[in-house]
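Asker: the following block contains a protein sequence and its predicted model.
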Number of protein chains: 2
Amino acid sequence: MLPAMKQPVGIKQVAEAAGVSITTVSHALNGKGRLTDATRQHVRQVAERLGYRPNATARNLAGGRTGLIGLAVSQTLEGRFAVSDFAYYSQLMSTATAAAMDRGYALVLASGTDPSAWRNIGLDGMIVVDPVRADPLVRELRSQRIPIVTTGRIPDTDKGHWVDNDHRAGTRAILDHLAARGAERIALLASPPVTSYAIDAGDSYEQWCAEHGQEPLLAVARDDLTEGSGFEATVGLLRRRRPPDAVYATLDRLALGALLAAQAKGLSVPRELLVAGCTDSEAGKWAHPSLTALALDPEEIGRAALAMVVGLIEGTDPSPANVLVATRILPRGSTRRRVLARKTAAPARGAGASVA
Amino acid sequence: MLPAMKQPVGIKQVAEAAGVSITTVSHALNGKGRLTDATRQHVRQVAERLGYRPNATARNLAGGRTGLIGLAVSQTLEGRFAVSDFAYYSQLMSTATAAAMDRGYALVLASGTDPSAWRNIGLDGMIVVDPVRADPLVRELRSQRIPIVTTGRIPDTDKGHWVDNDHRAGTRAILDHLAARGAERIALLASPPVTSYAIDAGDSYEQWCAEHGQEPLLAVARDDLTEGSGFEATVGLLRRRRPPDAVYATLDRLALGALLAAQAKGLSVPRELLVAGCTDSEAGKWAHPSLTALALDPEEIGRAALAMVVGLIEGTDPSPANVLVATRILPRGSTRRRVLARKTAAPARGAGASVA
DNA sequence: GTCGCCTGCAAATACGTTTTCGCACACTAT
DNA sequence: ATAGTGTGCGAAAACGTATTTGCAGGCGAC
């Protein structure tokens, strides 16, 4: 029972050992042709005994596919920030990788350099994370007729296959959270409206303000999305004649910058200013005070996106072309205050968002 | 000059258009056969004009390779912690990905599940991050004769191809840093000695203690490597009859736990206790006080590891089978104290480690 | 001038699968 | 018996490239 040395066991060896043709082996293993159950079983046993592993490359050549699914973060095409700085992306990648292997695919990371670079590696499908308006990467892929699933929607269109966090409900929920803790002038510290999540947050914010009779206080951060740009934008907000008493930032790093700005201005958080951010992060947990966050679910996003792109590749057009993933609020120190009795009777729940 | 629709341009089309055989096309493009420069040029121009892209799958089938390089984090085989929680891994992956594409390879992530899962995806080579003692993953790959480069050495052997941070020099440097700030009883808060970095830190620490006449104060954290286990281990240290006045942790999350433990005990950092950790992180930057770190260089590690594995794959056995990457100290709040005049004349430099 | 050598290219084969097609054989209905 | 209908399987083509081998022709040397 020693493993045969040096002799790679291919479909041919199995056929020979089983006393059938390679066609029959292929059919038996893939459940394709017209075979008796006896033959099928027999071939399978022989293949098992020989430890046969189909050659992926040959299979792909014949089948016209590669078994490769790409994953690229579109927003970084501009090279303004590093993916690795955001745990959201890392976690998304991790689960997508695991999900891919489960389904017999390999996930290849595509660094945001030259879109044409991965023309050479025939990809069966692609996951584009946070596409931007009229995304060049998406255009390129479409022209190559490669199935695409985006994570976050393509701005200005809700068409296409996508998986997204329910930012609209989440934004409303966290604004309610701030209001319930006494905030009367909540500012939105937003990333530039180039991705759907930024746009959603902005829209929901304006709508919420209109509904609650609050004057919108909007600050858009520089597009490097660092703590520094959050700091600057917040300083600008606090300089206004009627400054905000709460800030909701669409990214944790911007929120951390807001925390710094408050500190620099001598404002106590949460006593004089409430701060909350979108996306949970280690840094937020360890900031002083710890940062209340609207937690997203990158793992579910990654899983769902991968399932969807596999559906597209294998022809079983996924029934839901869109998936919306719920968010939840993680209340922490930066909004730790007595909850006020609500003026209106509306219960504190945003559709799709639950408080943990 | 409109692109021909629907007609995939293969080597055959190029041959036809150029009026030569496919053999000649292959040779011309790969610089292989005996051809006149004129023929070579001509074929190349035609190929260019037609926008010919060689089919990677076919090329791999013929060439016996796949163009795929795997990357797995071994330490997580036990499933105790998530890779995405550590920016070190994310950054390593990112740069390795970019480096792979530059060289015509694709990097596939291998989730730490079943080692045999990626038997199906023929990998040309593999990067194993932080291998453990007698690593099962490494064994599996060796039995498949897949070239391996490890990031961090395989414990108990310095053989094999590896790229590593210079933890020995780094550890000595940070111990010097603490001593220079008045620490007289420095404790080592270590992760379990299953990886080379943990072992290196432990060895260097003991050696340093022997050289400086200090009693070793060792605490080994639980292997989930969270802040919680750092907290517990530090509480144990501080309960001793003669507690430490400084703690160096081999991981940032453990160091953050130490910070929490000090806070719980009512000890002021850095006044009454100095704390430093290995690996820079966002969380450390935002902790209170901010955490002094021995910064590693995951990007350089990723780049070097990829270059090395490509060398192995392509036969050009890389002249240096080992690469040691320098570390540097990032002094921050948790060790912010007046630097004492040194008792000995030794200058504050660990070989290979420089203070930023 | 004949032999051998070198040059420039093409035909053929190999890589390991999947898939299409067709061939026997057996069985049923006439 | 004969035609018709399935059934179980194998031969062969296809996927797109790299490489090995073979085949002409030109040239120099004797």
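Answerer: Structure's in. What do you need?
Asker: any low-confidence regions in the stretch 101-250 of chain A?
Answerer: Applying pLDDT under 70 to the stretch 101-250 of chain A picks out residues A:111-120.
Asker: so which residues of it form helices?
Answerer: Using DSSP state H, counting those that start in this stretch, the helices found in the stretch 101-250 of chain A span residues A:136-143, A:167-180, A:196-212, A:227-239.
Asker: tabulate these (a markdown table), appending mean neighbour count and distance to B:I174.
Answerer: Where you see a C-beta, it was placed from the backbone N, CA and C, and this is true even at glycine. Conversion of the helices of the stretch 101-250 of chain A to a markdown table gives the following (neighbours: other CB atoms under 10 Å in any protein chain shown; distance: least, CB to CB, whole Å):
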| stretch | mean neighbour count | distance to B:I174 |
| --- | --- | --- |
| helix A:136-143 | 15 | 42 |
| helix A:167-180 | 24 | 40 |
| helix A:196-212 | 19 | 40 |
| helix A:227-239 | 20 | 25 |
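Asker: could those go into CSV alongside distance to chain B?
Answerer: What follows is the helices of the stretch 101-250 of chain A, written out as CSV (distance: least, CB to the nearest CB, whole Å):
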stretch, distance to chain B
helix A:136-143, 9
helix A:167-180, 20
helix A:196-212, 19
helix A:227-239, 8
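Asker: can I get those helices in CSV including distance to A:G67?
Answerer: Compiled in CSV, the helices of the stretch 101-250 of chain A are given as follows (distance: least, CB to CB, whole Å):
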stretch, distance to A:G67
helix A:136-143, 17
helix A:167-180, 33
helix A:196-212, 30
helix A:227-239, 40
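Asker: which one of those helices lies nearest to B:V46?
Answerer: Minimum separation from B:V46 across those (CB to CB) falls at helix A:136-143, 22.4 Å.
Asker: so how far is the closest one from its chain's centroid?
Answerer: 19 Å (CA atoms, centre = their mean, to the nearest Å).
Asker: how about the residues of the stretch 201-350 of chain A near chain B?
Answerer: If contacts are counted using CB under 8 Å from any CB of the partner chain, the residues of the stretch 201-350 of chain A sitting beside chain B are A:L256, A:S281, A:E282, A:A283, A:G284, A:K285, A:W286, A:A287, A:H288.
Asker: the residues you listed in helices, which ones?
Answerer: A:L256, A:E282, A:A283, A:G284, A:K285, A:W286 (DSSP state H).
Asker: my read: the fifth one touches A:A295, true?
Answerer: No. Taking contacts as CB atoms under 8 Å, A:K285 lies outside contact range of A:A295: 11.1 Å.
Asker: run a quick neighbour tally on A:K265.
Answerer: By other CB atoms under 10 Å in any protein chain shown, 14 other residues sit near A:K265.
Asker: next one: the one 4 residues further on
Answerer: Applying other CB under 10 Å, we find 22 other residues in the vicinity of A:V269.
Asker: is it true that it touches A:V275?
Answerer: Yes. Proximity of A:V269 to A:V275 meets the contact threshold set by CB under 8 Å, at 5.5 Å.
Asker: give me the buried entries from the residues of the stretch 201-350 of chain A next to chain B.
Answerer: With burial judged by 16 or more other CB atoms under 10 Å in any protein chain shown, the buried subset of those is A:L256, A:S281, A:E282, A:A283, A:G284, A:K285, A:W286, A:A287.
Asker: adding distance to A:P243, write these out as a markdown table.
Answerer: Formatted as a markdown table, those follow (distance: CB to CB, whole Å):
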| residue | distance to A:P243 |
| --- | --- |
| A:L256 | 19 |
| A:S281 | 26 |
| A:E282 | 30 |
| A:A283 | 25 |
| A:G284 | 23 |
| A:K285 | 27 |
| A:W286 | 27 |
| A:A287 | 21 |
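Asker: circling back: which one in the ones in helices among the residues of the stretch 201-350 of chain A next to chain B is the model shakiest on?
Answerer: For those, the model is least confident at A:E282; its pLDDT is 77.
Asker: what residues does chain A put near DNA strand D?
Answerer: Applying CB under 7 Å from any atom of the strand, one finds that chain A approaches DNA strand D through A:19-24, A:33-36, A:38-39, A:58, A:61-62, A:64.
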